[in-house]
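**Student:** Would you be able to build a 3D model of this:
(one chain, ligands or ions: 2)
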Amino acid sequence: MKISLSILNADFSNLYNDLKEIINDVDMIHMDVMDGVFVPNLSFGPDIIKSLRPKTDIPFDTHLMIEHPLKYLDDYIKAGSNYITVHYEALDDLNEIITHLKNRNIKVGISIKPNTKVEVLEPYLKELDLILIMSVEPGFGGQKFDSSAISKCKYLKEKQKDYNYIISIDGGINDKTLPLVKDYVDMVVVGSYITKAKAKKEAIKTLKNIK
Ligand code: DX5
Ligand code: ZN
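**Tutor:** Ligands and ions are numbered 1, 2, ... in the order given. Okay, here's the model as predicted:
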(Lines give C-alpha, C1' and ligand atoms only; values in the text may rest on other atoms or scores of the structure.)
(Ligands and ions follow the chains in the order given, each with its own letter.)
Protein backbone atom coordinates (compact mmCIF):
# COMPACT_ATOMS: atom_id res chain seq x y z
CA MET A 1 0.00 0.00 0.00
CA LYS A 2 1.33 3.40 -0.92
CA ILE A 3 1.20 6.07 1.78
CA SER A 4 0.71 9.78 1.22
CA LEU A 5 1.61 11.71 4.38
CA SER A 6 -0.69 14.60 5.31
CA ILE A 7 1.29 17.24 7.19
CA LEU A 8 -1.82 19.08 8.41
CA ASN A 9 -1.41 17.94 12.01
CA ALA A 10 2.38 18.12 12.11
CA ASP A 11 4.21 20.52 14.43
CA PHE A 12 4.29 23.80 12.49
CA SER A 13 6.61 25.46 14.98
CA ASN A 14 9.25 22.97 13.97
CA LEU A 15 7.94 21.57 10.71
CA TYR A 16 10.92 20.04 8.92
CA ASN A 17 12.46 18.66 12.12
CA ASP A 18 9.15 17.06 12.96
CA LEU A 19 9.02 15.32 9.59
CA LYS A 20 12.61 14.61 8.68
CA GLU A 21 12.89 11.10 10.17
CA ILE A 22 9.93 9.91 8.07
CA ILE A 23 9.76 12.21 5.05
CA ASN A 24 11.52 9.66 2.83
CA ASP A 25 9.62 6.64 4.23
CA VAL A 26 6.40 7.55 2.43
CA ASP A 27 5.41 7.57 -1.24
CA MET A 28 3.93 11.07 -1.42
CA ILE A 29 3.51 14.16 0.75
CA HIS A 30 -0.06 15.47 0.93
CA MET A 31 -0.46 19.23 1.36
CA ASP A 32 -3.86 20.26 2.73
CA VAL A 33 -4.64 23.79 1.57
CA MET A 34 -7.80 25.34 3.09
CA ASP A 35 -9.28 28.77 2.51
CA GLY A 36 -11.86 29.14 5.30
CA VAL A 37 -14.58 29.39 2.62
CA PHE A 38 -14.75 26.05 0.81
CA VAL A 39 -14.11 24.43 4.21
CA PRO A 40 -14.59 25.95 7.68
CA ASN A 41 -10.88 26.11 8.46
CA LEU A 42 -7.67 27.76 7.28
CA SER A 43 -4.37 25.97 6.90
CA PHE A 44 -1.40 27.14 4.84
CA GLY A 45 -0.51 28.41 1.40
CA PRO A 46 2.26 27.96 -1.17
CA ASP A 47 5.12 29.25 1.00
CA ILE A 48 5.03 26.25 3.34
CA ILE A 49 5.07 23.91 0.34
CA LYS A 50 7.95 25.83 -1.22
CA SER A 51 9.93 25.66 2.02
CA LEU A 52 9.70 21.85 2.13
CA ARG A 53 10.42 21.34 -1.57
CA PRO A 54 14.25 21.34 -1.34
CA LYS A 55 14.15 18.85 1.56
CA THR A 56 13.03 15.74 -0.36
CA ASP A 57 12.47 14.29 -3.83
CA ILE A 58 9.24 12.57 -2.76
CA PRO A 59 6.35 13.83 -4.93
CA PHE A 60 4.02 16.45 -3.47
CA ASP A 61 0.24 16.29 -3.95
CA THR A 62 -1.45 19.57 -3.12
CA HIS A 63 -5.07 19.03 -2.02
CA LEU A 64 -6.83 22.31 -2.71
CA MET A 65 -9.86 22.69 -0.44
CA ILE A 66 -10.52 26.16 -1.80
CA GLU A 67 -13.09 27.94 -3.91
CA HIS A 68 -12.01 29.04 -7.39
CA PRO A 69 -8.88 26.88 -7.53
CA LEU A 70 -8.16 27.88 -11.14
CA LYS A 71 -6.97 31.30 -10.03
CA TYR A 72 -4.37 29.80 -7.69
CA LEU A 73 -3.05 26.81 -9.67
CA ASP A 74 0.11 28.58 -10.83
CA ASP A 75 1.08 29.52 -7.26
CA TYR A 76 0.95 25.86 -6.22
CA ILE A 77 2.77 24.73 -9.36
CA LYS A 78 5.57 27.24 -8.67
CA ALA A 79 5.75 26.05 -5.06
CA GLY A 80 6.73 22.59 -6.32
CA SER A 81 3.57 20.47 -6.50
CA ASN A 82 3.82 17.36 -8.68
CA TYR A 83 0.12 16.57 -8.36
CA ILE A 84 -2.66 19.07 -7.79
CA THR A 85 -5.99 17.76 -6.54
CA VAL A 86 -9.03 20.02 -6.76
CA HIS A 87 -12.55 19.41 -5.52
CA TYR A 88 -15.40 18.49 -7.85
CA GLU A 89 -17.55 20.74 -5.63
CA ALA A 90 -15.37 23.82 -6.12
CA LEU A 91 -16.98 26.18 -8.55
CA ASP A 92 -14.58 26.28 -11.49
CA ASP A 93 -14.78 24.46 -14.82
CA LEU A 94 -13.01 21.15 -14.29
CA ASN A 95 -12.09 20.79 -17.95
CA GLU A 96 -10.32 24.13 -17.82
CA ILE A 97 -8.40 23.04 -14.72
CA ILE A 98 -7.45 19.71 -16.29
CA THR A 99 -6.13 21.43 -19.43
CA HIS A 100 -4.22 24.02 -17.42
CA LEU A 101 -2.45 21.35 -15.35
CA LYS A 102 -1.74 19.00 -18.26
CA ASN A 103 -0.20 21.82 -20.31
CA ARG A 104 2.22 22.38 -17.46
CA ASN A 105 3.01 18.68 -16.92
CA ILE A 106 1.32 18.55 -13.54
CA LYS A 107 -0.55 15.38 -12.58
CA VAL A 108 -4.28 15.93 -12.21
CA GLY A 109 -6.36 14.85 -9.23
CA ILE A 110 -10.04 15.32 -8.42
CA SER A 111 -11.53 14.81 -4.99
CA ILE A 112 -15.13 14.29 -3.90
CA LYS A 113 -16.65 14.97 -0.49
CA PRO A 114 -18.63 12.30 1.42
CA ASN A 115 -22.00 13.55 0.12
CA THR A 116 -20.98 13.61 -3.54
CA LYS A 117 -21.76 10.57 -5.68
CA VAL A 118 -18.80 8.92 -7.35
CA GLU A 119 -20.66 8.72 -10.70
CA VAL A 120 -20.19 12.48 -11.17
CA LEU A 121 -16.55 11.72 -12.02
CA GLU A 122 -17.49 9.57 -15.02
CA PRO A 123 -16.92 12.28 -17.70
CA TYR A 124 -13.42 13.01 -16.36
CA LEU A 125 -12.06 9.52 -15.66
CA LYS A 126 -9.93 9.29 -18.77
CA GLU A 127 -8.13 12.55 -17.94
CA LEU A 128 -7.29 11.81 -14.32
CA ASP A 129 -4.03 10.72 -12.72
CA LEU A 130 -5.46 10.54 -9.20
CA ILE A 131 -8.89 10.32 -7.61
CA LEU A 132 -9.15 11.30 -3.96
CA ILE A 133 -12.17 9.91 -2.14
CA MET A 134 -12.85 11.83 1.08
CA SER A 135 -13.65 9.60 4.02
CA VAL A 136 -14.26 12.61 6.31
CA GLU A 137 -15.89 15.98 5.69
CA PRO A 138 -12.87 18.05 4.57
CA GLY A 139 -11.62 20.76 6.93
CA PHE A 140 -9.89 19.05 9.84
CA GLY A 141 -7.45 16.27 10.59
CA GLY A 142 -8.11 13.64 13.22
CA GLN A 143 -11.76 12.91 12.35
CA LYS A 144 -13.54 9.57 12.31
CA PHE A 145 -13.54 7.48 9.10
CA ASP A 146 -16.83 7.61 7.15
CA SER A 147 -17.49 4.18 5.65
CA SER A 148 -19.58 5.58 2.78
CA ALA A 149 -16.22 6.03 1.05
CA ILE A 150 -15.66 2.27 0.70
CA SER A 151 -18.23 1.60 -2.04
CA LYS A 152 -16.93 4.58 -4.03
CA CYS A 153 -13.42 3.14 -4.03
CA LYS A 154 -14.80 -0.23 -5.04
CA TYR A 155 -16.65 1.34 -7.98
CA LEU A 156 -13.45 3.04 -9.17
CA LYS A 157 -11.40 -0.15 -8.71
CA GLU A 158 -13.79 -2.10 -10.93
CA LYS A 159 -13.34 0.45 -13.74
CA GLN A 160 -9.64 1.05 -13.24
CA LYS A 161 -8.35 -1.33 -15.91
CA ASP A 162 -9.64 0.99 -18.65
CA TYR A 163 -7.97 4.09 -17.19
CA ASN A 164 -4.73 5.45 -15.73
CA TYR A 165 -5.83 6.89 -12.40
CA ILE A 166 -4.57 6.06 -8.91
CA ILE A 167 -7.31 5.59 -6.31
CA SER A 168 -6.59 7.31 -3.02
CA ILE A 169 -8.63 7.84 0.14
CA ASP A 170 -8.30 10.67 2.65
CA GLY A 171 -9.49 11.02 6.23
CA GLY A 172 -9.47 8.87 9.35
CA ILE A 173 -7.06 6.23 8.01
CA ASN A 174 -5.31 4.15 10.68
CA ASP A 175 -4.46 0.50 11.36
CA LYS A 176 -8.17 -0.29 11.96
CA THR A 177 -9.64 1.44 8.90
CA LEU A 178 -6.95 0.64 6.33
CA PRO A 179 -8.02 -3.06 6.20
CA LEU A 180 -11.54 -1.92 5.15
CA VAL A 181 -10.27 -0.25 1.97
CA LYS A 182 -6.98 -1.92 1.14
CA ASP A 183 -8.37 -4.00 -1.76
CA TYR A 184 -9.92 -0.98 -3.47
CA VAL A 185 -7.30 1.75 -3.22
CA ASP A 186 -3.71 2.21 -4.41
CA MET A 187 -2.78 4.84 -1.87
CA VAL A 188 -3.99 6.08 1.51
CA VAL A 189 -3.58 9.63 2.80
CA VAL A 190 -2.59 9.46 6.45
CA GLY A 191 -2.23 12.41 8.80
CA SER A 192 -2.65 12.16 12.55
CA TYR A 193 -2.13 8.38 12.82
CA ILE A 194 1.48 9.08 11.81
CA THR A 195 2.17 12.69 12.80
CA LYS A 196 0.64 12.29 16.29
CA ALA A 197 2.27 8.91 16.94
CA LYS A 198 5.01 8.60 19.56
CA ALA A 199 6.91 6.35 17.15
CA LYS A 200 6.24 7.72 13.67
CA LYS A 201 8.44 5.26 11.78
CA GLU A 202 6.72 2.36 13.53
CA ALA A 203 3.29 3.74 12.62
CA ILE A 204 4.30 3.77 8.94
CA LYS A 205 5.66 0.22 9.22
CA THR A 206 2.44 -0.97 10.83
CA LEU A 207 0.41 0.40 7.93
CA LYS A 208 2.82 -0.96 5.31
CA ASN A 209 2.62 -4.44 6.89
CA ILE A 210 -1.18 -4.69 6.67
CA LYS A 211 -1.72 -7.39 4.03
C1 DX5 B 1 -9.04 16.76 5.79
C2 DX5 B 1 -7.75 16.60 5.04
C3 DX5 B 1 -7.04 15.29 5.31
C4 DX5 B 1 -6.72 15.07 6.75
C5 DX5 B 1 -6.04 13.75 7.01
O6 DX5 B 1 -9.66 17.92 5.39
O7 DX5 B 1 -7.97 16.66 3.67
O8 DX5 B 1 -5.91 15.16 4.47
O9 DX5 B 1 -5.95 16.09 7.28
O10 DX5 B 1 -5.79 13.67 8.37
P11 DX5 B 1 -6.22 12.42 9.26
O12 DX5 B 1 -5.45 11.23 8.73
O13 DX5 B 1 -5.83 12.85 10.62
O14 DX5 B 1 -7.71 12.22 9.10
ZN1 ZN C 1 -6.35 16.06 2.35
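**Student:** Could you list the contact residues of the chain toward ligand 2?
**Tutor:** D32, H63, D170 (C-beta under 5 Å from the ion). For the C-beta atoms, the positions are set from N, CA and C on the backbone; glycine is no exception.
**Student:** Relative to V120, which of the residues you listed is nearest.
**Tutor:** In terms of C-beta to C-beta, no member of those lies closer to V120 than D170, at 17.2 Å.
**Student:** Okay, and the beta partners of the residue in the chain that ligand 2 sits nearest to?
**Tutor:** When distances are taken as C-beta to the ion, the chain reaches nearest to ligand 2 at H63, 3.9 Å away. Per DSSP bridges, residues listed as beta-bridge partners of H63: D32, T85.
**Student:** can you pull the contacts of D47?
**Tutor:** Each residue near D47 by C-beta atoms under 8 Å, 6 or more residues apart in numbering is listed here: A79.
**Student:** going forward, begin numbering at 39 instead of 1
**Tutor:** Yep, numbering from 39; the last one is D85 now.
**Student:** Going by contacts, tell me the helices and strands next to the longest helix along the chain.
**Tutor:** As far as residue count goes, and with DSSP state H defining each element, the longest helix of the chain is helix 186-197. In terms of contacts (3 or more C-beta pairs under 8 Å, 6 or more residues apart in numbering; DSSP states H and E), helix 186-197 is packed against strand 168-172, strand 204-208, helix 216-219.
**Student:** and L90, what pLDDT?
**Tutor:** Turning to L90, the model gives it a pLDDT of 98.
**Student:** how close does the closest residue to it other than its chain neighbours get to I61?
**Tutor:** Closest residue in space to L90, ignoring its immediate chain neighbours: Y54 at 6.7 Å, by C-beta to C-beta, 6 or more residues apart in numbering. According to C-beta to C-beta, to the nearest Å, Y54 and I61 sit 8 Å apart.
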